[in-house]
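**Q** I would like to see how this sequence folds:
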Amino acid sequence: MPKGEPFAGRARLLPSRLQRSPFVPFVDTRHDRADYLRVSVAKRTTADPSRGLILGVLLFALASALGGVFHGPALGDHEAIVAQCAREMRLSGDWLVPQFLDSPFIRKPPLPVWIVAGASYLFADDPATGLPVTPAASRLPSAICAFLSILLLWNLGANMFGRWAGLVTAIVAASSIAFLLYAPNATAEMPLVFCCVWAYYHFWFAATTRSRKQQFVHALAFYVALGFGMLAKGPAPVALVGFPLAVWWFVHRPLRILARSGMGAWREAVAFFFRDLAPRAIRVFTQLWFIPGIFLFALLFIPWMMAVADRHPHAWALWDWQFLQRAKGDFPDTRHRSVAYYVPILGGLVLPWTFLVIEAAIAPWVKRYARLQRPLLFAGLWALLGTLAMSLMEFKKPYYILPAAPGLILLVAVAAERAFVSAHRAAAWATWPMRAGLALQLTAIAGATWLWRSDGGAVSGSALAAASVVALVLFGGATFLFRRGRAFLALSTVALVTVLTFHTVWNGFGATIDNIDKISLLASTLDNEGVPRTARVFWADRRPDARLSFYFNRRAEHMVDPHEIVGAGILDRGADKHLLEQMAVGHALQMLRGAEPVYLILRRDHYERLSDTLSLYADLVATVEAAEEVSRHNWMIVTNASRVTAAP
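**A** Model prediction:
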């Protein structure tokens, strides 16, 4: 066996014309070509998907992605920030620096705001406010990103695993909670997912195609996608894309030795890793075009950062606080979460296909998937190392690992294709991972529901009963069809019922599950108390809720502007927690003593603690009491308007 080619002897199984055949576009060694051609022979035992089926899946993916754009719950606070920034961008004409309530909003990259502002030209002005950017315009870019991500995964899965596996990948992705829940979400999450999937897509072809021209095109497209990812939600792509791909590039060949020969071959794998290290490092420059690529990558987002910093010098300190201190856990509201925090979340993101996760996880290491080890390791490290990178950060949010979910979806799709489509299904003894996964999935759903109820989750018994009936019908019907030999129909049933159920709840009951009632009550209270639309309103003890301005055209300003606190160490976790409060109180008293009428909104518990001081300069206007909320969280509105008017 020649050095550097641990499986090269397998190429003798093929005639030279097949070794040179362009039929396999993604292999770069002879043993990979042999593996793939054996796969293609097996796949030909099942007819390729018909054009009608392909069209049906395409329409299914489109309906899944766009089905929640025009109806559903009101935008959340974070979604409304993006929408409000896009509205102010449209009104001001300044497309360089997003503005949120007349303050530069540069703590986040601008791509989500840009695409929402651009999409708003397709819609009429909001009928409630008469201003540009509607909720549908805010959600449409994310939905389009979701649809494009599904298409990329479809094509990637087809090239990695075969046409049927690609089709199943599209079905699994379009019906997964990850895409259903975040396609109509107007934040940066789905644009980031699209950029990451786009980057992985081109890296795969750059790393596996034999054509130098195609290597160059795909490599540069990879750096472009990664650069746009930085504009979507940088620097997350570095951890979610760069880290997993770097590891895969250098270790997937030694890992394949272990997968084929067992852990007893670890010495051979380690020796091969070190022999292969220098050649692989050289190919980073010759095949992946690292030097021109890194310049192209930087060219997409560095100029924006430089232009913003030139206009707002505090930007560098803001980005340090927003990204580096967040990663280190120096945020004051950082809550300690274990390294395993994201494991159940990642499984939940691929619902209702979580029952296939065990099979998917072992796929790169078992013989029945031996011919697919290279792409399986690519998808597996995408999911595993993307999740690990986010797990090592101190500051954790459930949606931070969303870009890692497509890697798991590819793995799950391979398991689903084997279980529901392949002409060579596993023997009964080999189906234990799927059976165990199904039991684990149903148990997890029941446990999560019980925990939610015990924690005060607002869900009625009838809603739980309805959800239970849907789950029973879904999996019971799919099991019946599977046992009757209609496996693909069983797969389709799970996907279709999941999407129909989600969009029925989203579009039919969205108004009952959103959380805008308190903001609506605040807006009506301000109107009823005669607070002028032009009056200056400040949130005294928190960041302004963007929904008040976006939905009700009530501009409420920051009490303390972000540039005042960044760089002063006030928001460091180790700093005195009362420093920011003291700054806010000082600003509030200064405004109340001034000659201009102002209105302050603050929580009841904060108002009661400061009432003796506030009563010297302001009067209580009203209390906003939301139903089913503890009284200390009620909002109090105070003003100096009557005292300013009465002053000589």
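
**Q** C-alpha only now, for contacts and for neighbours.
**A** Noted.

**Q** Domains in this protein, by residue range?
**A** 1-45, 46-65+140-504, 517-646 (automatic domain parsing).

**Q** Rounded mean pLDDT for the longest one, please.
**A** In this model, domain 46-65+140-504 has a mean pLDDT of 85.

**Q** that older thread, mind putting the domains of the chain in a markdown table, distance to Leu75 and mean neighbour count included?
**A** Putting these into a markdown table (distance: least, CA to CA, whole Å; neighbours: other CA atoms under 10 Å) gives the following:
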| stretch | distance to Leu75 | mean neighbour count |
| --- | --- | --- |
| domain 1-45 | 42 | 15 |
| domain 46-65+140-504 | 8 | 19 |
| domain 517-646 | 8 | 17 |
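
**Q** Trp95 is nearest to which of the ones you listed?
**A** Nearest of these to Trp95, taken as CA to CA: domain 46-65+140-504 at 10.8 Å.

**Q** picking up where we left off before, I'd like the domains of the chain laid out as JSON lines, including distance to Leu101.
**A** Formatted as JSON lines, the domains of the chain follow (distance: least, CA to CA, whole Å):
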{"stretch": "domain 1-45", "distance to Leu101": "50"}
{"stretch": "domain 46-65+140-504", "distance to Leu101": "16"}
{"stretch": "domain 517-646", "distance to Leu101": "6"}
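
**Q** mind checking which of these is nearest Thr129?
**A** domain 517-646 (6.3 Å).

**Q** continuing past the helix or strand encompassing Ala495, what's the next helix or strand?
**A** According to DSSP states H and E, Ala495 maps onto helix 487-508. As assigned by DSSP H and E, the chain's next helix or strand after helix 487-508 is helix 510-513.

**Q** can you list contacts of that next one?
**A** The contact list for helix 510-513 (CA atoms under 8 Å, 6 or more residues apart in numbering) reads His71, Gly72, Pro73, Ala74.

**Q** Highest neighbour count among these?
**A** Neighbour counts for the contacts of helix 510-513 peak at Gly72, which has 23 neighbours (criterion: other CA atoms under 10 Å).

**Q** so that one, which of the three states?
**A** Here Gly72 is recorded as coil under DSSP: H, G, I helix; E, B strand; the rest coil.

**Q** Isn't it up against Trp506?
**A** Yes: checked against CA atoms under 8 Å, the pair Gly72 and Trp506 is within contact range at 5.0 Å.

**Q** which residues touch Phe509?
**A** Gly72, Pro73.

**Q** tell me the contacts of Leu277?
**A** Phe250.

**Q** I meant to write Arg337 there.
**A** Glu394, Lys396.

**Q** how about it, secondary structure?
**A** coil.

**Q** after the longest helix anywhere in the chain comes which helix or strand?
**A** Counting by DSSP state H, the longest helix found in the chain is helix 135-161. Counting by DSSP H and E, the next helix or strand C-terminal to helix 135-161 is helix 163-174.

**Q** That next one - contacts with which helices or strands?
**A** Using 3 or more CA pairs under 8 Å, 6 or more residues apart in numbering; DSSP states H and E, the elements in contact with helix 163-174 are helix 51-66, helix 135-161, helix 405-420, helix 487-508.

**Q** ok, residues contacting it?
**A** 48-49, 54, 57, 60-61, 64-65, 150-151, 153-159, 179-180, 350, 353, 406, 409-410, 412-414, 416-417, 421, 492, 495.

**Q** Thank you kindly, that will do.
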